[in-house]
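Asker: model this:
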Amino acid sequence: MKENITLLDGAVGTSLWAKAEAHGFRKDPVWRYNLEHPEIVAELAAEYADAGAEIVLANTFGANGPAVRRASPYTAPEIVSAGVRIAKDALRGRGVKVALSAGPLSMLMEPYGDLTEEEAAAAYAEMLEAGVKEGADLILLQTFIDLAMLRVATVEAKKFGLPVFCCLTFERRGKTMMGNSVEDMIEELEPLGIDAIGMNCSLGPELAVPVIREFVGKTSLPLIFKPNAGKPILASDGTTATAYSAKDFADGIEPALDFVDYIGGCCGSDPSYIREIAARMGRQSLR
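Answerer: All right, here's what the predicted structure looks like:
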């Protein structure tokens, strides 16, 4: 096992929806909970820290201006500021860092869509500025399928002087939906001075490990790995189960502990998955 691996958290979105359902709250875009149900957002952040996560994501992933205006009466800076503030307050004094999370915009950039590079840059600048002002420790740009859009977000993120981590979402053939390869990603982003590179979402462990392994030897940057725990499976009796249990998930990603620098989970994972990974790393979680 590689030394000094940083343990990340698991899914924010699917975990918050589970909490919302348990409390009888509506299944809204999860960033709305920063202002409408901040208690469950704080609870999840604390649970990930208890499980052993050393970096916890603020609940800001999809809170860009176009999305927030379309689905709420709020502004992106309001939502993002609240998300970072909730995480910082929940984790105060625990030595856990808060990552400002930003994902892709819902529109495609030119020439595949109508979104200009300037419009995309403005959307990222707005949300990133709000989160940095609130005290985020680093910026994680994740779940991108278009390297061109990720590059725009990265250029904006680098202006704030914080560590910037970048993740694309790959398909089983080792390319994004837009056809970007591991080599393309490294070639495009490494010169921008990012601080870590890798993949998240989309694939479960058995398909994701070969993709993250493709980065080895092609870049000197630290590697980030946050695969999915799988979409819920509906059984014939009407019950649902996650495609990977916490144990199965940890079994599947264990080979990556030999070469990645940051590891956690994405959709379908929750604090129990992070506790299981912590145990594989020989670390003691709080509960």
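Asker: State the distance from residue 255 to residue 226.
Answerer: Shown here: residue 255 relative to residue 226, a distance of 15 Å by Cβ to Cβ, to the nearest Å. The way it works is simple: take the backbone N, C-alpha and C, and place the C-beta from them, glycine included.
Asker: Which of these two has more residues huddled nearby?
Answerer: residue 226 (29 against 15; other Cβ atoms under 10 Å).
Asker: which residues in this structure form helices?
Answerer: Listed in chain order, the helices of the chain (DSSP state H) span residues 13-23, 33-36, 38-51, 65-71, 76-91, 117-133, 147-157, 182-189, 205-213, 246-253, 271-280.
Asker: just how off-centre is the fourth one within its chain?
Answerer: It refers to helix 65-71. 20 Å (Cα atoms, centre = their mean, to the nearest Å).
Asker: hmm, who's touching it?
Answerer: Taking Cβ atoms under 8 Å, 6 or more residues apart in numbering as the criterion, the residues outside helix 65-71 that touch it are 28-29, 31-32, 74-76, 79, 105-107, 122-123, 126-127.
Asker: Kindly export that helix (C-alpha atoms) in CSV.
Answerer: Output for helix 65-71, consisting of C-alpha atoms alone and laid out as CSV, is shown next (Å, rounded to 0.1, in the frame of the first residue of the first chain):
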residue,chain,number,x,y,z
GLY,A,65,-25.7,30.4,-11.7
PRO,A,66,-27.7,28.9,-14.6
ALA,A,67,-28.8,25.9,-12.5
VAL,A,68,-29.6,27.9,-9.4
ARG,A,69,-31.6,30.5,-11.3
ARG,A,70,-33.5,27.8,-13.2
ALA,A,71,-34.5,25.8,-10.1
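Asker: what comes up buried for it?
Answerer: Within helix 65-71, the residues scored as buried using 16 or more other Cβ atoms under 10 Å are 65, 67, 68.
Asker: Report pLDDT for the nearest residue to residue 72 once chain neighbours are set aside.
Answerer: Nearest-residue entry for residue 72: residue 32, 5.7 Å, with adjacent residues in sequence omitted and distances by Cβ to Cβ, 6 or more residues apart in numbering. The score at residue 32 is 98. That number is its pLDDT.
Asker: Could you pull up the contacting residues of residue 32?
Answerer: Contacts of residue 32 were listed using Cβ under 8 Å, 6+ apart, and they are 71, 72, 74, 79.
Asker: Name the member of those with the most neighbours.
Answerer: Neighbour counts for the contacts of residue 32 were taken using other Cβ under 10 Å; the highest belongs to residue 79, which has 27 neighbours.
Asker: Okay, and the beta partners of residue 263?
Answerer: For residue 263, the beta-bridge assignment (DSSP bridges) gives partners residue 7, residue 225.
Asker: Pretty sure residue 101 sits against residue 55.
Answerer: No - under the criterion of Cβ atoms under 8 Å, residue 101 lies out of contact with residue 55, with a separation of 10.4 Å.
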